[in-house]
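In: Give me a model of this one.
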Amino acid sequence: MIYNDIYVDSYGAKLRELRLKNGMTINKLSIELSISSTTLMHVEQNKIKVPYYYWKVICNYFNMNNINYLKLYDMKQNTTKEKLVKIRACIGAENWGYVGKHLGCSRGYINDILTRYKPNRDILSRIDLSLEKINGVPL
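Out: Here you go, the predicted model:
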């Protein structure tokens with residue numbers, strides 16, 4: 001469903017709904033979050049490809065769980081890449097460096113896993129353990 005050029009089930013529509021429900025303008029929310037109003041407008045217009053960092057900040061401000069609010073638990077996790085993307089989304093990592101830090105390895109190693117290398121058993125177990133904590137159930 002589309003409402004004013006925004007998909008109603010999109011992350012942008014969720015931000016608009018949340019913002020309006022709390023009587024906030026983009027500018028007021030921008031000041032409260034220390035995120036530029038342009039960035040928030042881009043999140044609301046679905047112009048940011050991976051807005052998970054911003055959503056983590058937004059949900060924290062409104063005392064909400066970003067995983068539940070955005071239904072991130074429904075994200076696919078069949079491949080290593082899908083698992084890493086889900087971890088990034090759930091922890092609200094601004095970039096792959098934060099995912100690497102979360103898993104105890106470097107940003108470069110995460111990029112290598114995403115583009116060309118198969119991770120070793122140790123990192124695979126760290127990825128699965130992180131997802132178990134995120135999902136709340138063993139894989």
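
In: in the chain, which ranges drop under the pLDDT threshold?
Out: 1-9, 137-139 (pLDDT under 70).

In: domain assignment for it?
Out: For the chain, the structural domains run 2-66, 72-135, going by automatic domain parsing.

In: what are the phi and psi angles of residue 17?
Out: Main-chain torsions, residue 17, degrees, to the nearest 10: phi -60, psi -50.

In: returning to that earlier point: how about the domains of the chain in a markdown table, adding mean neighbour count?
Out: Every residue, glycine included, has its C-beta placed from N, CA and C. Output for the domains of the chain, formatted as a markdown table (neighbours: other C-beta atoms under 10 Å):
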| stretch | mean neighbour count |
| --- | --- |
| domain 2-66 | 15 |
| domain 72-135 | 16 |
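
In: secondary structure class for the residue lying closest to residue 46 once chain neighbours are set aside?
Out: Distance criterion C-beta to C-beta, 6 or more residues apart in numbering; nearest residue to residue 46, sequence neighbours excluded, is residue 12 at 4.2 Å. Under DSSP: H, G, I helix; E, B strand; the rest coil, residue 12 falls in the helix class.
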